[in-house]
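J.: Sequence first, then the predicted structure, then my questions.
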Amino acid sequence: MFDDDGVNASANPDGKIAVLNGILNVADTPDALAAVLGHEIAHATQNHVMARAKKGARTDMLVLLGAAATGIRQDMLRDGAAIMSTLPYARDQETEADIVGLGYMAKAGFDPRAAIYLWKNMSNVNKGNKPPEFLSSHPSDDARLDNIIKSITPALVQYNDAQDSGRRPNCQP
Ligand SMILES: [Zn+2]
C-alpha cells in the first residue's frame with residue numbers, strides 16, 4: 001500500500017500487489033477494493049505479468065524485471081514496479097483477469113457484483129480532467145462490463161457458498 005493520490009494498483013514480478021491510496025476514491029467500498037485485488041491477483045496467477053513484459057521486450061526492461069522478480073535489488077524492485085504499472089495488458093488478459101478475479105473475491109466472501117460497480121465508477125472518473133492511471137495499464141471498454149455480467153452467476157453461487165460457510169469479511173477503515 002502506497003500513500004499516493006494516483007488511482008492505480010498493479011501486480012508486480014515479485015508476486016506482490018501494489019495499491020495506491022488514490023484508488024480508494026474509486027474502489028470506495030470493501031467489495032469494490034476486493035474486485036481490484038482479485039483482478040490484480042489474477043494477473044499474477046495467470047502469468048500475465050512476465051508475458052506482458054516479454055511482449056514489450058526492451059533489454060533494459062527485462063533486466064529490471066528480472067532483478068525485481070528475484071527481489072535482489074530493492075532499487076530495481078521499485079523501478080520494475082513503476083514500469084509494470086504503465087505497461088498495458090492485452091484484451092484477452094483483461095478478460096481472463098476479470099473472470100478469475102471474480103472467483104477469487106467471491107470465494108473470499110466479497111460480493112462479485114461490486115466488480116460492475118467498480119468499472120462503472122472507473123469510467124465515470126475517466127470523464128474528468130485526470131483519467132485514472134489504472135486505465136492506462138488496464139484498457140477498458142463496454143465489452144468488459146458485458147463479460148463480467150455474463151460471468152456473474154457462477155461467481156454469485158461461489159459468493160453465497162462463502163457466506164454460508166461463515167466467510168463474511170467485515171473490513172473497517
Ligand atoms: Zn487488468
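T.: Alright, I've got the coordinates.
J.: Close to the ion: what parts of the protein are there?
T.: For the chain, the residues in contact with the ion (Cβ under 5 Å from the ion) are Tyr89, Glu94, Ala97, His138. C-beta coordinates here come from the backbone N, C-alpha and C atoms, glycine included.
J.: repeat that with 6 Å
T.: Residues of the chain lying near the ion by Cβ under 6 Å from the ion: His39, His43, Tyr89, Glu94, Ala97, His138.
J.: among those residues, which two are most distant?
T.: For these, the maximum inter-member distance is 10.0 Å, found between His39 and Tyr89 (Cβ to Cβ).
J.: Show me which of the residues of the chain next to the ion is closest to Val7.
T.: His138 (10.9 Å).
J.: if I pick the residue nearest to Gln93 when sequence neighbours are not counted, what's in contact with it?
T.: Leaving aside its sequence neighbours, Gln93 sits nearest to His48 (Cβ to Cβ, 6 or more residues apart in numbering; 4.5 Å). His48 is in contact with Ala11, Tyr89, Gln93, Glu96, Ala97, counting by Cβ atoms under 8 Å, 6 or more residues apart in numbering.
J.: Pipe the residues you listed into a markdown table and attach neighbour count per row.
T.: Below are the contacts of His48 laid out as a markdown table (neighbours: other Cβ atoms under 10 Å):
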| residue | neighbour count |
| --- | --- |
| Ala11 | 27 |
| Tyr89 | 20 |
| Gln93 | 19 |
| Glu96 | 17 |
| Ala97 | 24 |
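J.: what residues does stretch 101-110 touch?
T.: Contacts to stretch 101-110, defined as Cβ under 8 Å, 6+ apart, come from residues 30-31, 34-35, 37-42, 112, 114-115, 148, 151-152, 154-156, 158-159, 161-163, 167-169.
J.: hmm, back to that, pLDDT-wise, what's the bottom of the contacts of His48?
T.: Within those, Tyr89 has the lowest pLDDT, namely 85.
J.: Is that residue in contact with Ser137, as I believe?
T.: Yes. Counting by Cβ atoms under 8 Å, Tyr89 touches Ser137, with 6.5 Å between them.
J.: Can you pull out the low-pLDDT segments for the chain?
T.: Applying pLDDT under 70 to the chain flags residues 52-86, 173.
J.: where do the helices sit along it?
T.: Taking DSSP state H, the helices of the chain run over residues 30-45, 48-55, 59-70, 74-84, 91-107, 114-126, 133-137, 142-150, 152-164.
J.: Lovely, talk soon.
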